[in-house]
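J.: task: produce atomic coordinates for the following.
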Amino acid sequence: MNTIHPVILCGGSGTRLWPVSRKVKPKPFLPLIGDETLFEQAASRVAGDSRFAPPVVVAGPQHIDLIEEQMTGEHRLIVEPSAQNTAPAIALAAAMLPADDIMLVCPSDHHIADAQAFRDAAIAAAALAQDNWLVSFGIAPTAPETGYGYLHRGEALPGGFKIARFVEKPDLERAEAYLASGEYSWNGGIFAFRAGYLLEELAQHRPEMAELVAQAVAEGREDGTRFYPAADPFAAIDGDSIDYAVMENTQRAAMVPADMGWSDIGNWAALQDALSDEGDEAGNVTRGDIDLDGCSGVLATTDGPRVSVVGLDDVCIVIANGEVLVTTRAGAQRVGKLPGAVNQ
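T.: As a prediction, the model looks like this:
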């Protein structure tokens, strides 16, 4: 098999885990679970394994210093001139790789508890990608989540399945039916592609985007381990996600099942769930100077003042960077729309 190149995507504005995560230091660069940051975990999952090349990181200029500080090993950094969503970012990396090499696209801000299961799924996905399948990781669902897209499994392939259809975020009733059927997986945003074939498919479904990415690379410049695509053609791209631009249009969409303790840490409730091993018998998770009395399902974290909570259930309380956030677990998905999060 040809070399597998991890491509780590660093984007986002740090709003959903506000006030701990901020635009100047968003979620990927914080040690939310364990001592390593999520970005460091993404890089270390494939480090020291000869089947994987040193990573390619795609990020905006505002995060270069954080990346260089946290990425100590060999790597390549592609500096996006502007944020244009995942399809152009992934296409940039594809255009910089040998056409027959496999790219393993990984968000930088996800948590994966079982690194061996991740590597096993990556090898299976790479084998399919070698045969010109565009492969998504199908995350084993553990609950009827309404915040994720779903993949419906089709006919079997070696090591995986065709994707019969992509399903947008469902309501609770449909999510429960998907979970009960056993035929659906979460769409976790992790992919394997043969670099040249991805660019062929992009040219077919988004020809203007493909042309502008090629122009941005052709007119870009090297600076040591960094590559700067040309800003003007890249800014002219009508940005789109890789799902909408390619995956939902191709006839060659496949998936590999992955049961690896995955979470996108998409809000405070999701972080509480990922930290459940640290919780007490009532499901409370605390960090810092916290006193709880008669509480259950509470996440409470403070970077300074003592927090005392009496008789509350299923709430998240966060004190960080001079800000205070209190939300129910159910309301945690709306944190990113608060004025404090938006107007940083």
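J.: tell me the secondary structure for T72?
T.: Here T72 is recorded as coil under DSSP: H, G, I helix; E, B strand; the rest coil.
J.: what sits against it?
T.: Going by C-beta atoms under 8 Å, 6 or more residues apart in numbering, T72 touches no other residue. Any C-beta I mention is one placed from the backbone N, CA and C, and that applies to glycine too.
J.: please shift the residue numbers so they start at 22 in all later answers.
T.: Okay, using 22 as the starting number, the last item reads as T93.
J.: surely L220 touches A115?
T.: Yes - between L220 and A115 there is a contact under C-beta atoms under 8 Å: 5.3 Å.
J.: ok, those two, which is more surrounded?
T.: With neighbours defined as other C-beta atoms under 10 Å, L220 and A115 compare such that A115 has more, 27 against 20.
J.: for the more buried one, which three-state class applies?
T.: A115 is classified as helix under three-state DSSP.
J.: so what's it up against?
T.: 124, 214, 216-217, 219-220, 223.
J.: restricted to helices, list those.
T.: If you go by DSSP state H, the contacts of A115 have 216-217, 219-220, 223 in helices.
J.: ok, the helix or strand hosting F212: who's next to it in the sheet?
T.: According to DSSP states H and E, F212 maps onto strand 205-215. Paired strands of strand 205-215, with direction, are strand 123-128 (antiparallel), strand 155-160 (antiparallel), strand 171-178 (antiparallel) (DSSP bridges).
J.: can you put the ones in helices among the contacts of A115 in TSV and add distance to A351 and pLDDT?
T.: Shown next, in TSV, are these (distance: C-beta to C-beta, whole Å; pLDDT from 0 to 100):
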residue	distance to A351	pLDDT
A216	42	97
G217	45	98
L219	38	98
L220	42	98
L223	38	98
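J.: want to throw the contacts of A115 into a markdown table with distance to A134?
T.: Compiled in a markdown table, those are given as follows (distance: C-beta to C-beta, whole Å):
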| residue | distance to A134 |
| --- | --- |
| M124 | 24 |
| F214 | 25 |
| A216 | 29 |
| G217 | 33 |
| L219 | 28 |
| L220 | 33 |
| L223 | 33 |
